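Fold the following, please.
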Amino acid sequence: MINLDIDLLRTLVAVDRRGTFAAAAETVLRTQSAVTQQMQRLEQMLGMPLFEQRGRSKVLTPQGEMLVRYARQILIINDEAVRTMTGKQFEGTVRIGSPLDVADSLLPTILTHVARSLPSIKMEIRVDRSPFLMEALHAGDIDLTVSTRFDQTLEGMVIRRTPTVWLCSADYVHDPAQPVPLVLADEPSIFRRVALNALEQSRVAWRANYVAPNLVGIKAGLRAGLGVTARGVDFLNPEFRVLGEADGLPKLPDMTYFLWTRRGALVPLTRHVYDLLTRSMGLTEPGRRP
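Numbering: from 1, shown residues only. Here you go, the predicted model:
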């Protein structure tokens with residue numbers, strides 16, 4: 001039986017995280033040639049290529065990507081065991097962002113996983129709209145965020161895909177012969193864009209009947225019977241009902257939620273929380289546009 005070397009796995013994860021051997025060398029405090037030798041040793045140990053040449057860069061093979069997923073789990077368990085045996089626990093503050101529309105669904109799950117595994121740390125939560133959370137993440141004002149926005153400069157994982165539906169109040173009377181009265185968020189809003197794109201592509205007439213700056217305003221507009229909006233199915237409650245193709249409205253695409261963090265700029269606590277969440281929530285898909 002082959003015994004995998006923890007140091008080699010740590011370097012492999014660093015290469016995946018930073019994107020290049022040179023950047024990974026900075027993370028693991030080795031020279032680039034030493035990192036190259038480590039990866040060659042790992043390939044020889046397993047008897048398979050973990051990297052392939054693509055242009056001037058080396059990228060992970062499918063086997064390499066699979067090993068990275070296992071390596072992350074092995075490192076988390078290894079590091080937790082060392083901290084437990086030596087009495088050294090993570091302390092400090094991790095700042096987590098969440099969009100308004102998933103604060104009641106995804107956010108509690110995330111907080112539960114972190115609190116159970118890292119009881120000594122403090123969590124600061126920022127609930128805001130996705131574009132503002134992404135700006136805060138890039139600025140370093142938060143460490144991790146859930147977001148509907150895709151950003152290839154960040155490191156992330158797909159955390160959930162949620163059906164998007166047309167919602168109105170439970171007693172709203174819809175008239176397919178009239179332009180659809182929309183309850184919309186102001187810009188920037190991905191749900192606004194999804195709704196308008198679907199209507200325009202299907203050549204369904206519409207009018208903006210009510211515009212709100214936040215989710216509280218959207219709910220108020222729906223409750224007042226001012227029209228229809230596009231939202232994730234998690235938004236549905238007994239106050240609202242779903243309209244669909246039978247009502248003359250086009251089908252809407254699923255909404256993808258990502259867990260994002262900054263690539264290559266993580267303090268140990270943030271890295272541990274990110275790896276903990278990807279493992280405990282079963283997140284194995286890289287944060288690439290689906």
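
Return the residues in contact with the residue lying farthest from the centre of the chain.
Going by CA atoms, centre = their mean, the residue of the chain most distant from its centre is Ala177, 39.2 Å out. By CB atoms under 8 Å, 6 or more residues apart in numbering, no residues touch Ala177. All C-beta spots, glycine's among them, are computed from the backbone N, C-alpha and C.

Let me know the helix or strand that it is in.
Here Ala177, judged by DSSP states H and E, is contained in no helix and no strand.

do Val127 as well
Assigned by DSSP H and E, Val127 falls in strand 122-128.

Give me the distance from that strand to the chain's centre.
Computed by CA atoms, centre = their mean, to the nearest Å, the chain-centroid distance of strand 122-128 equals 16 Å.

Parallel or antiparallel, list what pairs with it.
Strand 122-128 has the following sheet partners, assigned by DSSP bridges: strand 93-99 (parallel).

can you pull the buried residues of the partner strand?
Buried positions in strand 93-99, judged by neighbour count with 16 or more other CB atoms under 10 Å: 94-99.

Just the CA atoms of stretch 37-47, as PDB, please.
This file holds the C-alpha atoms of stretch 37-47, laid out as PDB (Å, rounded to 0.1, in the frame of the first residue of the first chain):
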ATOM      1  CA  GLN A  37      10.600  17.900  -8.000                       C
ATOM      2  CA  GLN A  38       7.900  17.300  -5.300                       C
ATOM      3  CA  MET A  39       5.200  17.000  -8.000                       C
ATOM      4  CA  GLN A  40       7.400  14.600 -10.000                       C
ATOM      5  CA  ARG A  41       7.900  12.500  -6.900                       C
ATOM      6  CA  LEU A  42       4.100  12.400  -6.300                       C
ATOM      7  CA  GLU A  43       3.600  11.300  -9.900                       C
ATOM      8  CA  GLN A  44       6.200   8.600  -9.600                       C
ATOM      9  CA  MET A  45       4.700   7.400  -6.300                       C
ATOM     10  CA  LEU A  46       1.300   7.000  -7.900                       C
ATOM     11  CA  GLY A  47       2.500   5.900 -11.300                       C
END
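
residues in contact with it?
2, 4-5, 7-9, 11-12, 15, 21, 30, 49-51, 63, 67.
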